[in-house]
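Q: Give me coordinates for this.
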Amino acid sequence: MRARLITCQIFLIFLALYSLIPASPCLAGEETVITSDTLEYSNKTSTYVATGNVKVQRDGVTINADEMIYNEQTGDVTAIGSVKYTEPSVSIQASRAELNINTKTGQLYDAEILFAEDNYHISGRIIEKRGDTYYVSPEASFTTCDGPVPAWCFKGKDINLIVGKEIKARDVSFRIKDVPVLHIPYMKAPLLSERQTGFLIPSLKYSNTRGASVRVPFFWAISHDRDASFLLDFYSKRGIGQGMEYRYIKPEDITGTVWLYHIRDTSLKKDFFEMKASHEQRNSSGLGGYLNINYVNEKDFFREFELELETRSNRFLESTGEISLPLTNSRLYLLAQHRVDLKKEINPPLQKLPEAGFVVHPTSLGDFWVSATAAFSNFWRDEGVFGQRLDIHPQILYMFGKDVVVTQNLGVRGSAYSLHRSEDDFLHRENLDYTAVANTRLFKKYASFTHILEPSISYHFISDSDEAPLFDSTELLHKTSEIELSLFNRFIDERGEFMVMKVSQAYDTYLHGRPFLPLKLQVGIKRPLSLRFDASYDVHKGELASINSDLFVKVSRARLSVGQRYNRSDDISTFVAGVGVNPFKTVSLGGRVWYDAEEREVREIAVNMRYDQKCWGIYMEFYKRPGDFTGVVMFDLKGITGVL
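A: Okay, here's the model as predicted:
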């Protein structure tokens, strides 16, 4: 035998003579180290018998136990008492282990396995280790919580676990503090951050109008670039809803989603159906485009089943699509738009089906820059005037000056119309638009900041033209001769820009009775608080025409927000306030209030709470709206993204 083994045998004889002296490390092969209080070796069977604080190390694997028998020829290890098996990513504790240190396989008794990276715990009376990453057990429990009695766990039979992939089991019970609360005939849960097929955690809701409800989602990982979600909504007062969303992503920046939802409303005795689809294919050198489809068969769908107030308040539901072909400094496009008015039945909106256009991007011609647009649009609707329009709009821009920079832009717009259901079958209108802006920049440095003042004067002219039907914003041109003065202020410190402010006043020479347009003030602040504010003041009436503001403040663990919208001409006056607080690391609280001052009613009150522990979390949100109260509860079991 090798010299190293002979040395080891001599050392064992020495230990036998001086049994009161603890053993020192002994090597059995180049990669195995054994230490213990006492150590015996049988040359006949090539077996080590170690007792007392036994420790075996080999190839990144460490085994600790009270007693151990190790065969250096086969690599078999029998460890008894306080067994601990550790690898870089796995830690095992057991009362007894029968393992092969070469193949890393064997039996574990009264064992608990911890996968350190994601804190997965597997516990069972008998667990078989079938390789580096494969474990099976006739009965075991699974959790991501620490402690002898975890906050939650799944306990089942016929456990199959593949590290970094999944865990499977049958006859599973979900337990909270070891109390069974739910039975699952079969479970399959991913043990990795990548997508994997399985049921997702259900969410619970309650509403005065919809009753108690449960949403059960199922995720299908079809391939690396495609997946889908399916869901069932059970409403105690309204019936059962079914939904499906399909998602894909392809090379060359191609993405898309398709969403379908249906519910037979047992209370209203009618079917609701929603479809949303999007496809985007961006291409800077070839044919590309996008498609967005939004459809509901009943206009009150969002009011009945949508929780987000912004979506519930939408006036229009719009679908759009475009195909574009980039050319040298220009592009061709084909556009279609379809809108549904969710509020009114009369005067249906115009549909742009389709519009073909050509765009020339700004191009340098010596000291001048030229650009142009040309579009042929087909407008259609069931009632009222509709027809076709050809619109051409070339422009030329010229800049000069150094200390005072003057920018001039001259454009000519011509529009021709072929109309239906109108007294005039054919109309045309021509406009000349000219804009000149002169501005300069002044600096003033102070001890802690720099003030930049940018005064400017501009003149905007639009010539008079014949009347035309209102199809879209192209027709929103009216005779204008407007002079505007403005002061733009910027404040900069060592951390960058922290505040901007602009004051402007315009004078229209064509408005002889009241030539002064509203005085406008715009303010933006980044530090020490966040503020966006704009207001306009009607100097002729001596009253505010509009005010919009958003204020965000962070104080210690709290975040406060206040918003306001006021428009006198549209009879809009609303206030929104919100708060978010993190009193503890594991708890976050929030709330918001939406008040309509014109209607003198609270449109929405919402409060929410999130509680997060290391291995689980819960989210609750409650909405109070006129005629309805809704509560939502969602659970989060850390490390469990799907259960099948």
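Q: three-state assignment of the residue nearest to D341 when sequence neighbours are not counted?
A: Take D341 and drop its neighbours on the chain: the residue closest to it by Cβ to Cβ, 6 or more residues apart in numbering is P349, 5.5 Å away. To be clear about C-beta, it is placed using only N, CA and C from the backbone, and glycine gets the same treatment. Using DSSP: H, G, I helix; E, B strand; the rest coil, the structure places P349 in coil.
Q: Can you give the contact residues for stretch 207-226?
A: 195-200, 202-206, 227-238, 246-250, 304-305, 627-631, 641-642 (Cβ atoms under 8 Å, 6 or more residues apart in numbering).
Q: From these, which land in strands?
A: Counting by DSSP state E, those place 198-199, 203-206, 227-235, 246-250, 628-631 in strands.
Q: check contacts around E355.
A: So E355 contacts 334-337, 375-378 (Cβ under 8 Å, 6+ apart).
Q: which residues does it bridge with?
A: Assessed by DSSP bridges, E355 has beta-bridge partners L335, S377.
Q: pLDDT score for K344?
A: Reading off the confidence values, K344 has pLDDT 68.
Q: Let me know the pLDDT of the nearest residue in space to G256 that is not next to it in sequence.
A: In space, and not counting its chain neighbours, G256 is closest to H279: 4.0 Å by Cβ to Cβ, 6+ apart. Note on H279: pLDDT of 94.
Q: Name the SS class of L560, please.
A: Three-state assignment for L560 (three-state DSSP): strand.
Q: do you know how far it is from E604?
A: 18 Å (Cβ to Cβ, to the nearest Å).
Q: and the two? which has more neighbours close in?
A: Set L560 next to E604 and count neighbours by other Cβ atoms under 10 Å: E604 wins out with 18 against 15.
Q: so what strands line up beside the one helix or strand the more buried one maps to?
A: E604 belongs to strand 601-612 when elements are defined using DSSP states H and E. Partners of strand 601-612 in the sheet, by DSSP bridges, are strand 587-596 (antiparallel), strand 616-625 (antiparallel).
Q: and it, how far out from the chain's middle?
A: 20 Å (Cα atoms, centre = their mean, to the nearest Å).
Q: Can you show me the CA trace of it as PDB?
A: Backbone C-alpha positions of strand 601-612 (Å, rounded to 0.1, in the frame of the first residue of the first chain) are rendered in PDB as follows:
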ATOM      1  CA  GLU A 601     -69.500  63.300  -3.100                       C
ATOM      2  CA  VAL A 602     -66.600  61.000  -2.300                       C
ATOM      3  CA  ARG A 603     -66.000  58.900  -5.500                       C
ATOM      4  CA  GLU A 604     -63.600  56.500  -3.900                       C
ATOM      5  CA  ILE A 605     -62.000  55.600  -0.500                       C
ATOM      6  CA  ALA A 606     -59.400  52.800  -0.700                       C
ATOM      7  CA  VAL A 607     -57.100  51.400   2.100                       C
ATOM      8  CA  ASN A 608     -54.600  48.700   1.800                       C
ATOM      9  CA  MET A 609     -52.200  46.700   4.000                       C
ATOM     10  CA  ARG A 610     -49.300  44.500   3.300                       C
ATOM     11  CA  TYR A 611     -47.600  42.200   5.800                       C
ATOM     12  CA  ASP A 612     -44.400  40.400   4.900                       C
END
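Q: tell me which residues of that strand are tucked away?
A: Neighbour-count burial for strand 601-612, counted by 16 or more other Cβ atoms under 10 Å, picks out 603-604, 606-608, 610, 612.
Q: and which of the residues you listed is nearest S82?
A: Set against S82, the nearest of those by Cβ to Cβ is D612 (34.1 Å).
Q: Distance-wise, check that closest one relative to Y619.
A: Using Cβ to Cβ, one obtains 9 Å as the distance from D612 to Y619.
Q: Next, show the common contact partners of the two.
A: Each of D636 lies in contact with both D612 and Y619 under the rule Cβ under 8 Å, 6+ apart.
Q: pLDDT value on E40, please?
A: E40 is assigned 88 on the pLDDT scale.
Q: E298 in helix, strand or coil?
A: Going by three-state DSSP: E298 is coil.
Q: who's the closest residue to it other than its chain neighbours bridged to?
A: Excluding the flanking residues, the one nearest E298 by Cβ to Cβ, 6+ apart is F272, at 5.4 Å. Note on F272: beta-bridge partners by DSSP bridges are I263.
Q: List the contacts of F272.
A: So F272 contacts 261-263, 265, 296-298, 301, 304-305 (Cβ under 8 Å, 6+ apart).
Q: Which among those count as buried?
A: In the contacts of F272, the ones that pass as buried (16+ other Cβ under 10 Å) are 261, 263, 265, 296, 298, 301, 304-305.
Q: what residues are up against the closest residue in space to E87 that isn't next to it in sequence?
A: Nearest residue to E87, sequence neighbours excluded (Cβ to Cβ, 6+ apart): V61, at 5.7 Å. Residues near V61 by Cβ under 8 Å, 6+ apart: 85-87, 101, 104.
Q: Show me which of the residues you listed are buried.
A: Using 16+ other Cβ under 10 Å, the buried ones in the contacts of V61 are 85-86, 101, 104.
Q: any weak-confidence spans in the stretch 101-250 of the chain?
A: 191-196 (pLDDT under 70).
Q: which residues in it form helices?
A: Remark: helices of the stretch 101-250 of the chain are absent; assignment by DSSP state H, counting those that start in this stretch.
Q: Please, where are all the strands along it?
A: Ranges of strands in the stretch 101-250 of the chain, per DSSP state E, counting those that start in this stretch, are 105-115, 120-129, 134-143, 152-162, 166-176, 179-190, 198-199, 203-207, 211-223, 226-235, 239-250.
Q: Out of the ones you listed, which is closest to G384?
A: strand 239-250 (36.2 Å).
Q: hey, C-alpha coordinates of that closest one in CSV?
A: Below are the C-alpha coordinates for strand 239-250, written out as CSV (Å, rounded to 0.1, in the frame of the first residue of the first chain):
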residue,chain,number,x,y,z
GLY,A,239,-71.8,33.8,-11.6
ILE,A,240,-68.5,32.3,-12.9
GLY,A,241,-66.1,34.2,-15.1
GLN,A,242,-63.4,32.6,-17.3
GLY,A,243,-60.3,34.3,-18.6
MET,A,244,-57.2,33.6,-20.7
GLU,A,245,-54.1,35.6,-21.5
TYR,A,246,-51.5,34.4,-24.0
ARG,A,247,-48.1,36.1,-24.1
TYR,A,248,-45.1,35.8,-26.5
ILE,A,249,-41.8,37.4,-27.3
LYS,A,250,-39.8,36.8,-30.4
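Q: contacts for that strand?
A: By Cβ under 8 Å, 6+ apart, strand 239-250 touches 225-235, 254-267, 305.
Q: so that strand versus strand 211-223, what angle?
A: 30 degrees (axes from the mean of the first three to the mean of the last three Cα atoms, to 10 degrees).
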